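Chemist: Here is a sequence with its predicted model. Questions after.
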Amino acid sequence: MPNNSNNRKVLLDEDGIPKEWYNILPDLPAPLPPPINPATREPVKLQELERVFAKELIRQEMSQERWIPIPEEVREVYRLWRPTPLYRARRLEQYLKTPARIYYKFEGVSPPGSHKPNTAVAQAYYNMKEGIERLTTETGAGQWGSSLAFATMLFGLKCTVYMVRASYNQKPYRAILMRSWGAEIYPSPSNKTNFGRSLYEKDPNHPGSLGIAISEALEDAVTHDNTRYSLGSVLNHVLMHQTVQGLEAKRQMEMIDEYPDVVAGCVGGGSSFSGLFWPFYYDVYVSKKAPKKTKFVATEPTACPTMTKGIYTYDFGDTAKMTPLLPMYTLGSDFIPAPIHAGGLRYHGDAPTLCLLLKKGYIEPHAYNQVEVFEAASIFARTEGIVPAPEPSHTIKYVIDEALRCKRTGEEKVILFNLCGHGYFDLQAYLDYFEGRLQPFEYPEEEIRKSLERLKSELPWIDQLPYLKNL
Ligand SMILES: Cc1ncc(COP(=O)(O)O)c(C=O)c1O
C-alpha cells in the first residue's frame, strides 16, 4: 500500500506479533550506570532483588542479549488485541493544512485501554511460572493498575493496587475496572502499610504521588510471603517488553514505504516512548540501515518537568526511599507534583536508559502545560474521533506544533507518535477543561530545589560515586 493511498490504517495479521523483544542495553552509547544499594554504596547484587521481583525479570533487567524470545503463552494473550493498528491522521493533517504526514500507533485498543498490558502480561506470566501467588503495585492514572489486574486475572494470580489518591478521586471508574478483573485496590496513602499510615494519619486527604504508592506496594510485597512487586515503567525489562509497539510499527511503515523523520511519545517513566522508539534507534545507530537520521522527541508536563528541568544524579525511585538508587534525571524523590490530570506523568524521575540517552543528546525533550495539552487533545478528538488519554495528549501538542511548522516551511516530514491510551476514563478532565477549571501549572522551581537539597544533604556521598563522572 503506497503512502498516497486513501487507507486510514495499516494492519498486520496475528503472525505479525513480534517473536522477540528488543533489548537496548548492549546498544547504548555508554554502559548504563548500575543501580546502587544505599546501605553498601555499591552496585546492587542480583540476589538482593529476588525478594522483590521474579527471577526471570531480574535476569532480563541485567541482560546484555539484544533479542529476548517472547514466550508463546505471552504471545497468545497478546493476540487478544495485538497487533495494534497504525493510523494515518489524515483528518488532522487536513484540518492543520500541513504537508507533514502524521501517523500514530494506537495502543488504546487493549482491554485496559493503553500500552501497559504489553509488560503486565509478561510480568504476570513469569511470576506465575515461579509459583508466586500475589502481585502488588502502584498506579497513577489507573492505566497500569488496570493492566496488572487484567494480566494477573489471566494467569490466576491475586493483585493488590495502591492508587494515587488524587487519581482515585478523579477517576472512580478506573478503580471499578480493576475490581471487575478481581483486584483489591486502596487509595494511597492508605492505612494498609506503615509508610502509608504515617502520611494518612496526618492528612486523610493527602493527594498522594507515584513515589508514595510505590513505597506502599513495595512494603506490602516484602512483608508478605509468596508476594512480589511489579513495576509498570522505568526498569529496563519493562521498557523492553514495550518494544512490541516499535517492532510492529516498523513493519507497518515498511508496508507503506514510509520511514519516520520524527518519532515522538510522552514520558512518565519512559516505557511507552521507549517501546516505540528503541527499534528505530536500532536502525539509526546500531544496524545503521535507517534511510533517515530520525529524531526522537519526548514530551512531559511543565508541572513535573523531569527531562527539561531535573538534574542527572542518583535518586531513590520512591518516597519512602526503599528502592535502590537509580541514575536518572530527577526532581527529588519527595517532590509531590501538582494534581494534574495526566496522572501517569506525575513521577519524579525517569527510566535510567532514557536518561542516559537524553544526557548523551539522543533525545529532544519538550514540556507543555495541561491547558495547551487539552486544547490539542480536543483538536485531535474533533478530527480523528478518538478521545486521547491526557498523557499522550502532551505528544499531540508537540505533533500539532511541528505540523504547523512544516506548513510554514513546506517540509513533508513524516511524524510517527504513540497514542498510548484512550481517554474514556478521563472525561472529568475534559469537563474541567471545557468549563475553564484547568490550571496551567508551571515549573515549581522552589519545591524542586528544596527536594534536591534534601537529597544532597542526606546522601552527600552521591556526588563521589564514579559511575556518572564521564557521561
Ligand atoms: C496512557 C499512559 N501513557 C503514558 C504513561 C506514562 O508512563 P510511561 O512513560 O511509562 O509510558 C501512563 C502511565 O500510567 C499512561 O497511563
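Modeler: Arrived safely.

Chemist: Touching stretch 304-311 from outside, list them.
Modeler: 267, 298, 300, 328-331, 337-338, 340, 345-350, 358, 363, 365-367, 443, 445, 448, 452 (CB atoms under 8 Å, 6 or more residues apart in numbering). Placement of C-beta: from N, CA and C, glycine included.

Chemist: For the residue nearest the centre of the chain, which residues are in contact?
Modeler: Nearest to the mean C-alpha position of the chain, counting by CA atoms, centre = their mean, stands S271 at 3.6 Å. The contact partners of S271, by CB under 8 Å, 6+ apart, come to H115, K116, T119, G232, S233, V234, V238, L239, Q242, A351.

Chemist: Need those residues in a markdown table (columns: distance to A249).
Modeler: Shown next, in a markdown table, are the contacts of S271 (distance: CB to CB, whole Å):
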| residue | distance to A249 |
| --- | --- |
| H115 | 12 |
| K116 | 17 |
| T119 | 17 |
| G232 | 21 |
| S233 | 19 |
| V234 | 22 |
| V238 | 19 |
| L239 | 15 |
| Q242 | 12 |
| A351 | 19 |
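
Chemist: ok so, going back, mind giving me the ChimeraX command for buried ones among the contacts of stretch 304-311?
Modeler: Entered in ChimeraX, the line below selects the buried ones among the contacts of stretch 304-311, by 16 or more other CB atoms under 10 Å:
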select :267,298,300,328,329,330,331,337,338,340,345,346,347,348,349,350,358,363,365,366,367,443,448,452
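
Chemist: just checking: which of the contacts of stretch 304-311 also lie near the ligand?
Modeler: Among those, the residues lying close to the ligand (CB under 6 Å from any ligand atom) are V267, L345.

Chemist: now, which of the contacts of stretch 304-311 lie within strands?
Modeler: Among those, the members found in strands (DSSP state E) are A298, E300, M328, Y329, T330, I363, P365, H366, A367.

Chemist: And the residues you listed, which is closest to E384?
Modeler: The closest of the ones in strands among the contacts of stretch 304-311 to E384 turns out to be H366 (CB to CB; 20.9 Å).

Chemist: Which of the residues in stretch 285-304 are classified as buried?
Modeler: Of all the residues in stretch 285-304, those buried under the rule 16+ other CB under 10 Å are 285-286, 290, 294-304.

Chemist: export the residues you listed to CSV and tack on pLDDT?
Modeler: As requested, those are arranged in CSV below (pLDDT from 0 to 100):
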residue, pLDDT
Y285, 98
V286, 98
A290, 98
T294, 98
K295, 98
F296, 98
V297, 98
A298, 98
T299, 98
E300, 97
P301, 96
T302, 95
A303, 93
C304, 93
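
Chemist: TSV please, covering those and showing distance to A403.
Modeler: Output for the buried residues of stretch 285-304, formatted as TSV (distance: CB to CB, whole Å):
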residue	distance to A403
Y285	26
V286	29
A290	22
T294	17
K295	14
F296	17
V297	13
A298	18
T299	14
E300	20
P301	21
T302	21
A303	25
C304	25
